[in-house]
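**Q** When you get a sec, could you give me coordinates for this:
(one chain, ligands or ions: 2)
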Amino acid sequence: MLINRPRRNRKSAAIRDLVQETNLSVNDFIFPMFVMEGSGIKSEIKSMPNIYRFSLDTLIEEIKEVTDLGIKSICLFPNYPESKKDKYATESHNPNTLYIKALSEIKNKFPDLALMTDIAMDPYSSDGHDGLVENGQILNDETLDILGKMALAQARAGADILGPSDMMDGRIGYIRELLDDEGFTNVSIMSYSVKYASAFYGPFRDALDSAPKFGDKKTYQMNPANVREALIEGQLDAAEGADFLMVKPAFSYLDVIKTMADNFDLPIAAYNVSGEYAMIKAAAQNGWLDGDKAMLEMLLSIKRAGAKIILSYFAKEYAQLKA
Ligand SMILES: NCC(=O)CCC(=O)O
Ligand SMILES: [Mg+2]
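**A** Ligands and ions are numbered 1, 2, ... in the order given. As a prediction, this is how the structure comes out:
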């Protein structure tokens with residue numbers, strides 16, 4: 001005789017809802033958005049259907065729309081023309097540059113929004129790398145100086161959360177000290193602590209025109225084969241003052257998210273990257289998957305694995321679905 005019948009807890013929608021262990025909410029999301037120069041522009045990224053690069057004027061309208069849907073956090077990335085890029089990513093800390101102006105205008109117009117930034121050289125680097133390049137090598141400590149200037153420019157513009165995404169060693173401590181010295185003790189840092197050298201960033205590099213001009217990022221981003229190394233990165237960033245630890249990408253790294261959530265008390269964020277978005281979109285456009293259902297399942301699995309926060313290009317569609 002069968003005493004235990006787990007199916008009893010699945011027998012109706014009401015009971016399934018009662019026993020559901022993981023729930024998504026619009027509060028879990030940070031929506032990544034792209035800004036570019038110009039005006040009146042809303043330009044779709046080919047490999048990311050329904051995701052756009054906006055000029056600042058149209059971006060402000062879009063932020064109004066997403067905040068009206070209940071999204072409370074966004075992360076901004078810039079697309080710069082090749083003519084603005086150089087070896088030292090000089091444009092990244094120019095106080096009059098598009099990105100810094102965009103941050104301060106967004107913060108002025110949406111004071112309650114949690115505004116997250118990106119700190120890395122690649123959108124502004126003529127080498128397309130996240131660090132300063134000398135003789136084909138990515139220099140670590142020399143890069144920190146440039147990241148520090150970016151961090152201060154972004155903090156002055158009113159950013160709430162800085163997002164160092166470059167994987168240079170020691171950057172969290174370096175940036176934290178600079179911020180504190182300048183009185184920005186309240187500005188948070190979400191460290192891209194555990195960022196893998198992944199093929200799933202392809203569409204993002206299209207969005208920014210930021211693919212590396214030579215080689216790959218394997219001397220700074222992590223080897224997809226490794227998980228113990230994630231703990232080392234997490235310990236260093238926690239000790240250096242990070243407020244959040246991020247794992248990136250998310251979907252092929254659910255075990256890494258789980259390991260981080262089990263080992264750290266800081267909130268764990270996961271970046272559901274462009275390639276993960278593009279896979280579902282492409283399959284759905286072909287009629288091979290139900291796009292909404294696949295999206296919800298992917299997002300839920302990231303949360304179930306232990307992510308408290310999800311950076312996702314699906315955030316707006318999720319909010320629309322739940323509205
Ligand atoms: N620093 C941010 C990213 O590299 C995002 C990658 C992606 O969405 O593929
Ligand atoms: Mg590190």
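**Q** Quickly find the element holding Leu299.
**A** helix 291-305 (DSSP states H and E).
**Q** does any bit of that helix sit next to ligand 1?
**A** No - Helix 291-305 lies out of reach of ligand 1 by Cβ under 6 Å from any ligand atom, never closer than 13.6 Å. (Each C-beta comes from the backbone N, C-alpha and C, glycine too.)
**Q** which bits of the protein sit near ligand 1?
**A** For the chain, the residues in contact with ligand 1 (Cβ under 6 Å from any ligand atom) are Asp118, Ser165, Tyr201, Phe204, Val273, Ser274, Gly275.
**Q** what comes up buried for the helix holding Leu299?
**A** Residues Gly291, Ala294, Met295, Leu296, Met298, Leu299, Ile302, Lys303, Ala305 are the ones in helix 291-305 that count as buried (16 or more other Cβ atoms under 10 Å).
**Q** same thing with stretch 304-311?
**A** Buried-residue list, stretch 304-311, by 16+ other Cβ under 10 Å: Ala305, Gly306, Ala307, Ile309, Ile310, Leu311.
**Q** now, which of the residues you listed sits nearest ligand 1?
**A** Checking the buried residues of stretch 304-311 against ligand 1 with Cβ to the nearest ligand atom, the nearest one is Leu311 at 8.0 Å.
**Q** what mean pLDDT does the helix or strand just after the helix holding Leu299 have?
**A** Per DSSP H and E, the first helix or strand lying C-terminal to helix 291-305 is strand 309-312. Averaging pLDDT along strand 309-312 yields 98.
**Q** can you pick the most crowded of the residues of the chain next to ligand 1?
**A** Within the residues of the chain next to ligand 1, most neighbours by other Cβ atoms under 10 Å means Val273, with 26 neighbours.
**Q** Please give me every residue in contact with the closest residue in space to that residue that isn't next to it in sequence.
**A** Using Cβ to Cβ, 6 or more residues apart in numbering and skipping residues adjacent in sequence, the residue nearest Val273 is Pro249, 4.3 Å away. By Cβ atoms under 8 Å, 6 or more residues apart in numbering, the contact set of Pro249 is Tyr196, Ser198, Phe200, Tyr201, Tyr271, Asn272, Val273, Gly275, Glu276.
**Q** closest to Ile175 among the residues you listed?
**A** When these are ranked by distance to Ile175 (Cβ to Cβ), Tyr271 comes first, at 18.8 Å.
**Q** hang on, isn't that closest one packed against Tyr192?
**A** Yes - counting by Cβ atoms under 8 Å, Tyr192 is a contact partner of Tyr271 at 7.4 Å.
**Q** can you map out the helices along the stretch 151-300 of the chain?
**A** Along the stretch 151-300 of the chain, the stretches classed as helices by DSSP state H, counting those that start in this stretch are 171-181, 202-208, 228-239, 254-263, 274-285, 291-305.
**Q** Quick check: phi and psi at Asp130.
**A** The phi/psi pair for Asp130 (degrees, to the nearest 10) reads phi -90, psi -10.
**Q** For the helix or strand bottoming out on mean pLDDT in the chain, list every residue counted as buried.
**A** Least confident helix or strand, the chain: helix 202-208 with a mean of 90, by mean pLDDT, DSSP states H and E. Of all the residues in helix 202-208, those buried under the rule 16+ other Cβ under 10 Å are Pro203, Phe204, Asp206, Ala207, Leu208.
**Q** Just the pLDDT for the residue of the stretch 1-150 of the chain found nearest ligand 1.
**A** The nearest approach of the stretch 1-150 of the chain to ligand 1 comes at Asp118, 5.4 Å away (Cβ to the nearest ligand atom). Asp118 carries a pLDDT score of 98 in this model.
**Q** Ok, Phe110 next?
**A** Predicted confidence (pLDDT) for Phe110: 98.
**Q** Phe184: which of the buried residues of stretch 304-311 is nearest?
**A** The nearest member of these to Phe184, counting by Cβ to Cβ, is Ile309 at 21.4 Å.
**Q** Wait, that closest one touches Ala270, no?
**A** Yes - judged on Cβ under 8 Å, Ile309 makes contact with Ala270 at a distance of 7.4 Å.
**Q** how near is Glu182 to ligand 1?
**A** Glu182 is 24 Å from ligand 1, where distance means Cβ to the nearest ligand atom, to the nearest Å.
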